[in-house]
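Could you work out the structure for the sequence below:
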Amino acid sequence: MKNILIFAVYLLSVQIVTAQNLKWNKPCAPFKKETYSVSFSADGNKVFSGSECTPSWLRIFDLNNGNLLWDYQVDSSLLCIQGVKLSSNGTRAAAIEEMGNLLIFDYTTSPPALLNTIDLSVNFSFSVNFSPDNSKLAVGSSGKKLFIYHAASGAQLHSIDAHNNWVMCSDWTAQEKIITGGDDNAVKLWDTAGNFIRSFTGHTSWVYGVKMTPDGSHIVSGSKDKSIKIWNVATGALVRTLNGHTDEVRFIDISDDGSKIVSGSKDGTIRIWDFNTGSQLKSFSKAGSGTVFSVDFSPNGRYVAAGTASGDVQLWDLLFNTSITNIGNKYVNIYPNPCADMLQLYCKNAESITVLDATGKIHFLPISKTGDNFLITTTSLPTGNYWLRVIDNKQTSTTPFIKK
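Take a look at the predicted model:
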């Protein structure tokens, strides 16, 4: 007989209170310089940063203790580093310099070796991103240009006139389409051949950040107009606007499970938002940090890295000292707890059901649904303590359980 743990969840009576801890705070260069870009490695164990000039610096830090793993001074003839990325397969590191020089490193060597410095022949460049298969790089620049480069050879594949002048940001979809944001207040969707697909309009000033949800259904954008907007990719319709920042939204990211948005702003705050409801979950900052130029979620969603005007690379632990209060959240253990095989859940209007371990890592488990009843197979989970998190269109419920 299978062991089944049964929950009946009443979401309207549940509240969650979270806290955050500044795990470490490190300079992005030997001398205090603005940190314009931060990015996690795909395994979540490292943080990559790029600094203001002159000279500018690239650094990689150990997530656990903030130790400096790589320290690289960019050529003195080059200026500020506007964007940094590590490929998801761990073979390449890329950085874009503000005057239009793309630096590509071999990340399999120790220390990483510079393979290519590519002059884009533009006045300014702002962002760099690897394609999902790591074979290409998208670079947003002035002169209307979105460039696509071959990551291994450095060859230019496409040059796209994407916006009126400055292409401030870009991101890839899982299907290898590209979204861009620019100085014409628009968000746009392209295929990699440079063919225009759709425009998303509604911002009243420059778009500084764009991200695609993991399932490819929505785009999130952050703007100089202080707002964050969520768009339906299929229809181009505005789903909702998130307000709360009191100055420019300089960067945004989406957690890998698609449930949260993080934003960094000129108002000096980092804010966490619920993607499904648009509600603000948390706002925090370190005194004296100034503008938050860049933010990035770790792959497991537990940490946020931030780059600030004070020259800091900050690592925030979102689950530190987490306090969870379930008010009137009724659940009934029908068959032995700890559970060994399955969770059975009754819930009306459930939009998202996830299981998290004590580190904050999300475990993707088989879920079957009949009406308002959900059966979650937990046989693949190692023994330990877990959280069952359920989101409906209004609030979130989180309930602990033990896997035997």
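
Gly154 contacts Leu114, doesn't it?
No - the criterion here is Cβ atoms under 8 Å, and Gly154 misses it with Leu114 at 11.3 Å. In short, each C-beta sits where N, CA and C put it, glycine included.

Could you pull out the residues contacting both of the two?
Ile104 (Cβ atoms under 8 Å, 6 or more residues apart in numbering).

Mind giving me the packing neighbours of the helix or strand containing Leu157?
Per DSSP states H and E, Leu157 falls inside strand 156-161. With contacts defined as 3 or more Cβ pairs under 8 Å, 6 or more residues apart in numbering; DSSP states H and E, strand 156-161 has these neighbours: strand 145-150.

what sits against Lys23?
Counting by Cβ under 8 Å, 6+ apart, Lys23 has contacts Gly66, Tyr303, Leu315, Trp316, Asp317, Phe320.

Just the element for it, please.
strand 21-27.

Let's see stretch 177-192 as PDB, backbone CA atoms only.
These are the backbone C-alpha positions of stretch 177-192, laid out as PDB (Å, rounded to 0.1, in the frame of the first residue of the first chain):
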ATOM      1  CA  LYS A 177      13.700  33.900 -30.600                       C
ATOM      2  CA  ILE A 178      15.000  37.200 -29.200                       C
ATOM      3  CA  ILE A 179      13.200  40.000 -27.200                       C
ATOM      4  CA  THR A 180      14.600  43.500 -27.100                       C
ATOM      5  CA  GLY A 181      13.900  46.700 -25.200                       C
ATOM      6  CA  GLY A 182      14.900  50.200 -26.400                       C
ATOM      7  CA  ASP A 183      14.900  54.000 -26.300                       C
ATOM      8  CA  ASP A 184      11.600  54.100 -28.300                       C
ATOM      9  CA  ASN A 185       9.700  52.800 -25.100                       C
ATOM     10  CA  ALA A 186       8.900  49.500 -26.900                       C
ATOM     11  CA  VAL A 187       9.500  45.800 -26.300                       C
ATOM     12  CA  LYS A 188      10.000  43.800 -29.500                       C
ATOM     13  CA  LEU A 189      10.100  40.100 -30.500                       C
ATOM     14  CA  TRP A 190      12.400  38.800 -33.300                       C
ATOM     15  CA  ASP A 191      13.500  35.600 -34.900                       C
ATOM     16  CA  THR A 192      17.300  35.000 -35.200                       C
END
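
Surely Trp57 is in contact with Gln73?
Yes - if you go by Cβ under 8 Å, Trp57 and Gln73 touch, sitting 5.8 Å apart.

out of those two, which sits in the more crowded spot?
Trp57 (21 against 12; other Cβ atoms under 10 Å).

okay, Tyr386: pLDDT?
Per-residue confidence (pLDDT) for Tyr386: 78.

let's number from 25 now, not from 1
That works, and once the first residue is 25, the last one we named lands at Tyr410.

That one is in contact with Ile426, isn't it?
Yes - counting by Cβ under 8 Å, Tyr410 does reach Ile426; the two are 7.3 Å apart.

Which one's more surrounded, those two?
Tyr410 (21 against 13).

returning to what we had before: can you pull the buried residues of the following helix or strand past the strand holding Leu181?
Remark: after strand 180-185, the chain's next helix or strand is strand 191-196, criterion DSSP H and E. By 16 or more other Cβ atoms under 10 Å, the buried positions in strand 191-196 come out as Val191, Met192, Cys193, Ser194, Asp195, Trp196.

which one among those gets closest to Ile254?
For the buried residues of strand 191-196, the residue nearest Ile254 by Cβ to Cβ is Asp195; the value is 14.1 Å.

Could you measure from that closest one over to Met236?
Asp195 sits at a distance of 5 Å from Met236 (criterion: Cβ to Cβ, to the nearest Å).

Common neighbours of the two, please.
By Cβ under 8 Å, 6+ apart, the residues touching both Asp195 and Met236 are Ile203.

what helix or strand is the residue positioned nearest the centre of the chain on?
In the chain, the residue lying closest to the centroid (Cα atoms, centre = their mean) is Asp277, at 3.2 Å. Taking DSSP H and E as the definition, Asp277 sits inside strand 273-278.

neighbouring contacts of that strand?
Contacts of strand 273-278 with the rest of the structure, by Cβ under 8 Å, 6+ apart, involve 232-238, 244-248, 250-252, 284-290, 299, 315-321.

swap the cut-off to 7 Å and go again
Strand 273-278 is contacted by residues 232-233, 235, 237, 244, 246-247, 250-252, 285-290, 299, 315-321 when judged by Cβ atoms under 7 Å, 6 or more residues apart in numbering.

That one pairs with which strands, and in what direction?
strand 284-289 (antiparallel) (DSSP bridges).

For the partner strand, output the C-alpha coordinates as PDB.
Presented in PDB, the C-alpha positions along strand 284-289 are these (Å, rounded to 0.1, in the frame of the first residue of the first chain):
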ATOM      1  CA  LYS A 284       8.900  35.500  -8.900                       C
ATOM      2  CA  ILE A 285      10.300  38.600 -10.500                       C
ATOM      3  CA  VAL A 286      13.200  40.600  -9.000                       C
ATOM      4  CA  SER A 287      13.900  44.200  -9.900                       C
ATOM      5  CA  GLY A 288      16.700  46.700  -9.300                       C
ATOM      6  CA  SER A 289      16.100  50.400  -9.400                       C
END
